[in-house]
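A.B. asks: from the sequence below, what's the structure:
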Amino acid sequence: MVILTRFYYFPVILLLAAFSSAAQEIPELDDENSSDALVQSLEYFQSHPVNLNHANLDDVSAIPLLYPLEALALGRYLRRHPGLSDLALLVRDSVISQQTLDDILPYICLDAREQTRLPSVELRTNLQRKYPMDEEIASGKYQGSPLANRQKLIARRGPFELTALTQKDAGERSVADFISAGLSYASRTLIRQAVAGDYQLAYGQGLAFGGTSPRFLSAQSGDPSGNSAARLRANYSMDEWSSLRGGAVATGFGDDLALIAFASAKRRDGGVDSTGILLTADNSGYHRSQSELAKRGAFSERIGGLRIEHQTLSNLRLAVNGYGVEYRPDFSTAERIMSGIGVDGACDFGRGQVYWEAAAPLRRRPAFIAGGRVESGVLRTYLSLRQYGPDYAAPRTNAPGSSGQDELGITFGTSLRAPLATTVSALYDHSQPVSTAGALARGHGGYFLESVIANQLIPGLRVEWRWRRKQVEEVTSDPLFPFPVARRTASRIGLRWEVDRRLSLAAQYEVCRYRRDGVSEAPRGDLLKVSANTVPVPGWRVSASTSFFAVQSYEARLYGSEPELSGTGSFHPFYGQGRRDAVMISYKLRSLLSLQAKIARLQRLYNGDDTEQTEAGLSLLLTY
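C.D. replies: Numbering: from 1, shown residues only. Sure, this is the predicted structure:
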């Protein structure tokens with residue numbers, strides 16, 4: 001039996017642990033897919049830092065953890081100050097803050113010589129196991145192994161890079177076996193980028209090929225539109241379903257004209273009826289039961305596209321995209337992704353930017369996203385509008401679960417640098433179904449509101465308060481009450497204290513209340529977390545966290561992060577009553593070897609079920 005002292009009215013407490021670049025702090029996200037996607041992005045840019053002395057605005061905008069308005073300011077500064085020799089000048093000249101520079105430091109460099117220092121070979125292996133194993137796996141009901149096993153190999157020679165990934169994971173959101181490989185080429189000649197094998201593609205604002213709905217909704221996350229630079233690269237994600245398979249090439253004609261062409265042919269999962277007719281596409285990667293395993297490779301999805309981009313003026317970029325898709329003839333019309341065309345662009349001005357994209361699939365209603373950002377003195381704001389018709393469907397590439405098929409939405413965010421080293425941020429996001437028929441079929445509406453107040457009046461000591469409210473109108477088949485409302489309100493207060501360069505302490509206290517119309521109960525959840533990060537001697541690092549939680553219902557669950565092995569990221573849902581402890585020890589031997597060992601222990605009592613589980617993990621990185 002789990003014994004937990006109730007702390008419903010506990011006073012303040014601290015914020016999330018200040019993990020190092022090897023265990024980067026992940027912003028609050030809405031789901032675990034987003035968490036994994038961000039971690040993969042962080043790991044990629046650690047191996048491929050952006051060279052500020054050769055970067056355009058798209059390159060700067062792609063830097064992880066850099067807010068879009070900061071990217072605009074940085075891009076303008078780099079144009080005026082070519083050949084930057086000292087990153088400290090960015091803080092001295094008030095381009096970005098010292099905290100922002102510390103955040104992005106692992107993902108940037110200054111000259112080409114630094115990029116040649118990347119290791120020729122990187123080999124990483126991650127092993128994680130739970131004791132006891134999940135009940136479903138132990139009973140044989142679901143396929144998989146209690147051992148999660150991942151390997152990644154990167155080999156570089158000149159402009160070429162080979163990436164190979166393998167994994168064998170256990171449980172939900174995983175596959176039994178997965179092998180991926182891709183070869184990429186990058187240069188400053190006519191062929192700027194080329195890739196063969198499994199690869200990832202993103203261009204425009206991401207409406208068709210980078211995802212549609214906002215992924216990282218936070219008052220401190222900057223632009224929620226998913227704006228991404230035009231780029232392609234070998235697949236870097238451990239998600240089997242998040243890559244294309246084939247080839248792509250990006251070419252440049254002078255400084256004004258660029259072209260990207262790609263082609264992909266990949267087996268996808270699908271649902272087949274008793275007569276062999278293909279009814280549904282299942283691209284989520286759930287391969288757990290025997291019947292679900294039979295869906296693997298049910299059909300082949302072939303897709304190809306072309307993008308032409310022109311820098312019309314020094315501050316205006318315009319592009320046209322076209323793509324075609326081919327399926328099995330018997331594929332359900334409702335599940336097909338139609339060929340289409342899209343246009344997008346961006347225009348920079350003195351202290352901001354406007355951007356837009358529209359996509360029109362064949363015989364489907366079009367979709368669009370447009371927005372802008374502006375900075376005026378101490379005030380930063382951004383606005384984004386989006387609309388997707390009920391039958392709109394983005395291609396199933398690089399964006400699992402992120403495309404909205406029936407949605408009209410608006411997002412507004414603002415950030416104010418107030419006196420006394422205080423920052424005030426707010427975000428409002430509203431969405432509603434485009435049509436009632438579409439809503440009943442697959443949609444819902446609601447809003448998301450968040451405000452953040454952060455202060456760092458004393459160097460090394462940061463206090464933050466965050467308030468969130470999310471309201472969802474859930475669609476049901478009940479004609480008398482088709483749109484019940486569920487509201488989720490959460491508040492968090494915490495502090496982080498950097499005692500010195502070798503030690504930081506943090507803690508947070510968070511409370512959540514979940515309410516549903518027509519239901520008298522309003523379950524509550526409380527979470528208290530304390531953590532520490534220390535470097536006892538050079539080369540060694542110890543990160544630890546302890547979370548106490550008292551959550552009355554799964555609907556009021558809270559999510560918390562903890563020290564994670566490099567290349568992995570996840571949220572841990574807290575519900576019931578209990579605690580979770582995690583410790584990770586890291587050792588780095590110059591640039592040759594990096595070793596991480598982690599152990600976590602969960603104790604939880606929920607609905608009479610007493611759970612005790614231990615997780616152990618080991619990560620080894622060899623470089624040459």
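A.B. asks: next secondary structure after the strand or helix carrying Val320?
C.D. replies: Secondary structure assignment for Val320, by DSSP states H and E: strand 316-326. Of the helices and strands lying after strand 316-326 in sequence (DSSP H and E), the nearest is strand 340-349.
A.B. asks: what is that next one packed up against?
C.D. replies: Of the remaining helices and strands, those touching strand 340-349 by 3 or more CB pairs under 8 Å, 6 or more residues apart in numbering; DSSP states H and E are strand 316-326, strand 352-361. The C-beta positions use only the backbone N, C-alpha and C, and glycine is treated the same way.
A.B. asks: for the next helix or strand after the last one, packing partners?
C.D. replies: Read that as strand 352-361. Later in the chain than strand 352-361, the nearest helix or strand by DSSP H and E is strand 367-376. Contacts defined by 3+ CB pairs under 8 Å, 6+ apart place strand 367-376 against helix 68-80, strand 352-361, strand 379-388.
A.B. asks: tell me the angle of strand 367-376 relative to strand 340-349?
C.D. replies: Put simply, strand 367-376 runs at 10 degrees to strand 340-349, going by axes from the mean of the first three to the mean of the last three CA atoms, to 10 degrees.
A.B. asks: for the stretch 101-250 of the chain, just list every one of the helices.
C.D. replies: 112-115, 135-139 (DSSP state H, counting those that start in this stretch).
A.B. asks: and Pro433, how far from Gly371?
C.D. replies: 21 Å (CB to CB, to the nearest Å).
A.B. asks: hey, which of the helices and strands packed on strand 340-349 is tucked in deepest?
C.D. replies: strand 352-361 (a mean of 21; mean count of other CB atoms under 10 Å).
A.B. asks: how far is it from where the chain is centred?
C.D. replies: How far strand 352-361 lies from its chain's middle: 21 Å, per CA atoms, centre = their mean, to the nearest Å.
A.B. asks: so what strands line up beside that strand?
C.D. replies: Strand pairing for strand 352-361, using DSSP bridges, gives strand 340-349 (antiparallel), strand 367-376 (antiparallel).
A.B. asks: let me know the angle separating it from strand 316-326.
C.D. replies: Going by the same axes, to 10 degrees, strand 352-361 makes 20 degrees with strand 316-326.
A.B. asks: just the residues contacting strand 352-361, thanks.
C.D. replies: In this structure, residues lying in contact with strand 352-361 by CB atoms under 8 Å, 6 or more residues apart in numbering are 68-69, 72, 204-208, 225, 227, 321, 337-347, 366-375, 392-394.
A.B. asks: quick one on the thing from earlier: now render the helices and strands packed on strand 367-376 as a markdown table, adding mean pLDDT.
C.D. replies: Shown next, in a markdown table, are the helices and strands packed on strand 367-376 (pLDDT from 0 to 100):
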| stretch | mean pLDDT |
| --- | --- |
| helix 68-80 | 83 |
| strand 352-361 | 89 |
| strand 379-388 | 88 |
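A.B. asks: show me what the strand holding Val320 is packed against.
C.D. replies: Partner elements for strand 316-326 (3+ CB pairs under 8 Å, 6+ apart): strand 299-313, strand 340-349.
A.B. asks: give me the buried stretch members for the shortest one, please.
C.D. replies: Judged by neighbour count (16 or more other CB atoms under 10 Å), strand 340-349 contains these buried residues: Gly340, Ile341, Gly342, Asp344, Gly345, Ala346, Cys347, Asp348.
A.B. asks: skip the chain neighbours and tell me the closest residue to Asn321.
C.D. replies: Excluding its sequence neighbours, the residue lying closest to Asn321 (CB to CB, 6 or more residues apart in numbering) is Gly342, at 4.2 Å.
A.B. asks: hmm, I was thinking of Glu555
C.D. replies: Tyr514 (4.5 Å).
A.B. asks: quick check, that neighbour in contact with Tyr554.
C.D. replies: No - counting by CB atoms under 8 Å, Tyr514 does not reach Tyr554; the two are 9.3 Å apart.
A.B. asks: the two: which has the busier surroundings?
C.D. replies: Taking neighbours as other CB atoms under 10 Å, Tyr514 and Tyr554 compare with Tyr514 leading, 23 against 14.
A.B. asks: what about that one, which SS state?
C.D. replies: Judged by DSSP: H, G, I helix; E, B strand; the rest coil, the three-state class of Tyr514 is strand.
A.B. asks: any idea how far Ser61 is from Gly75?
C.D. replies: For Gly75, the distance to Ser61 - CB to CB - is 8 Å.
A.B. asks: which one's more surrounded, those two?
C.D. replies: Ser61 (23 against 20).
A.B. asks: quick one: low-confidence parts of the stretch 451-600 of the chain?
C.D. replies: The stretch 451-600 of the chain contains residues with pLDDT under 70 at 475-483.
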